[in-house]
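Asks: Quick one, fold the following:
(one chain, ligands or ions: 1)
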Amino acid sequence: MTMSAKLMVGNWKMHGSLSANAALVADVLAVMGQVQCRSALCVPSVYLGQMQSLLSCSPIALGAQDVSSHASGAYTGEVSADMLRDFAVRYCIVGHSERRQYHSETDIVVAIKAQRALAVGITPIVCVGESLAEREAGQTELVVKRQLAAVIQANGHCISEIVVAYEPVWAIGTGLTASPQQAQQVHAVLRAQLRAATAHADRVAILYGGSMNAANAQDLLAQPDVDGGLIGGASLKAVDFLSMLKAASR
Ligand code: PGA
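Replies: Numbering: from 1, shown residues only. Predicted coordinates:
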């Protein structure tokens, strides 16, 4: 269990437009005064410039959804950690299951991406999580530990500077949420793994993600090792996102 305020991160995925982003951010910022938790929005990279100016002087930090595993060079379409830093990006999701699944990102590639982010002072939000088949085969712990181990191995003592997000693949965008007990069980496993790697494991926020919404956020956030949330669909609606930020402020 960490002692700091909960961290609630919106993951917009491939949604948004200049006008929709401005409207959503205006609605959220209008009531941020009532929110005490930490928060961030991970937006498509083409909107980082827009979001940097919309969020400057606001309590919401700017985040990206991916970073290249390369520093620079002939990698058409890629965005480097240095480029993200140019836009004052504070957080970067790495190893989201959609990247692992649709872009064949391996544990090693994810670990290198975390390294790239850390090297420029950006906090990587490292996603881990099992598929439905893996859960049914009783492999949940094995899978998440393997995924996190690669990141620990590549990042040494810097590991206390990351954020971890446990996102069971079967819960993402499906409306199926892990029960608070299921989430806590995996979070405790991840915490123990971090403790074995660093004396500062309690500093690492472990977020839950996967169909977190305004109705279930509070129970999930009440678990001792659930330090916040990574929110997809529900972060696109100002009312829902705000009610989750408020649930995390209690
Ligand atoms: P969801 O997505 O909240 O829409 O399930 C979470 C995520 O993929 O980060």
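Asks: and this protein, which residues reach the ligand?
Replies: Within the chain, the positions adjacent to the ligand are 11, 167, 172-173, 209-212, 230-234 by CB under 6 Å from any ligand atom. Just so you know, the C-beta spots here come from the backbone N, C-alpha and C atoms, and that holds for glycine as well.
Asks: what about A215, how many residues close to it?
Replies: A215 has 13 neighbouring residues, counting by other CB atoms under 10 Å.
Asks: Any figure for the gap between it and the ligand?
Replies: Distance of A215 to the ligand, computed by CB to the nearest ligand atom, to the nearest Å: 13 Å.
Asks: Report the closest residue of this structure relative to the ligand.
Replies: For the chain, the residue closest to the ligand is G232, as judged by CB to the nearest ligand atom, at 2.3 Å.
Asks: Please, where are all the strands along the chain?
Replies: 7-11, 38-43, 60-64, 91-94, 123-128, 163-166, 206-209, 228-231 (DSSP state E).
Asks: Run through who's touching the third one.
Replies: When contacts are taken as CB atoms under 8 Å, 6 or more residues apart in numbering, the neighbours of strand 60-64 outside the stretch itself are 9, 25, 28-29, 32, 38-43, 45, 48, 51-52, 55, 79, 84, 87-93, 122, 125.
Asks: One more: the fourth one?
Replies: Taking CB under 8 Å, 6+ apart as the criterion, the residues outside strand 91-94 that touch it are 9, 11, 40, 42, 61-67, 81, 84, 110, 113-114, 117, 122-127, 163, 165, 230.
Asks: Can you lay out the strands of the chain as a markdown table showing mean pLDDT and mean neighbour count?
Replies: Shown next, in a markdown table, are the strands of the chain (pLDDT from 0 to 100; neighbours: other CB atoms under 10 Å):
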| stretch | mean pLDDT | mean neighbour count |
| --- | --- | --- |
| strand 7-11 | 98 | 26 |
| strand 38-43 | 98 | 26 |
| strand 60-64 | 98 | 23 |
| strand 91-94 | 98 | 27 |
| strand 123-128 | 98 | 26 |
| strand 163-166 | 98 | 26 |
| strand 206-209 | 98 | 28 |
| strand 228-231 | 98 | 29 |
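Asks: Pull the longest helix along the chain out as CSV, backbone CA atoms only.
Replies: Longest helix in the chain by number of residues (criterion: DSSP state H): helix 180-197. Taking C-alpha atoms only, helix 180-197 is exported to CSV below (Å, rounded to 0.1, in the frame of the first residue of the first chain):
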residue,chain,number,x,y,z
PRO,A,180,-12.0,-6.1,-6.0
GLN,A,181,-10.7,-9.3,-4.4
GLN,A,182,-9.3,-10.6,-7.8
ALA,A,183,-7.6,-7.3,-8.3
GLN,A,184,-6.2,-7.1,-4.8
GLN,A,185,-4.8,-10.7,-5.1
VAL,A,186,-2.8,-9.8,-8.2
HIS,A,187,-1.8,-6.4,-6.9
ALA,A,188,-0.4,-8.1,-3.8
VAL,A,189,1.7,-10.5,-6.0
LEU,A,190,3.1,-7.6,-8.0
ARG,A,191,3.8,-5.6,-4.8
ALA,A,192,5.7,-8.6,-3.4
GLN,A,193,7.7,-8.9,-6.6
LEU,A,194,8.6,-5.2,-6.4
ARG,A,195,9.6,-5.5,-2.8
ALA,A,196,12.1,-8.2,-3.7
ALA,A,197,13.6,-5.8,-6.3
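Asks: on that earlier part again, kindly provide the distance from the residue of the chain closest to the ligand to H200.
Replies: With the distance defined as CB to CB, to the nearest Å, G232 ends up 29 Å from H200.
Asks: Compare the two and say which one has the larger neighbour count.
Replies: G232 (22 against 13).
Asks: Might you report the residue contacts of the nearest residue in space to that one that is not next to it in sequence?
Replies: Computed as CB to CB, 6 or more residues apart in numbering, the closest residue to G232 that is not its neighbour in sequence is N11, at 5.0 Å. Applying CB under 8 Å, 6+ apart, we find N11 in contact with 42, 65, 93, 96, 209, 230-232, 235.
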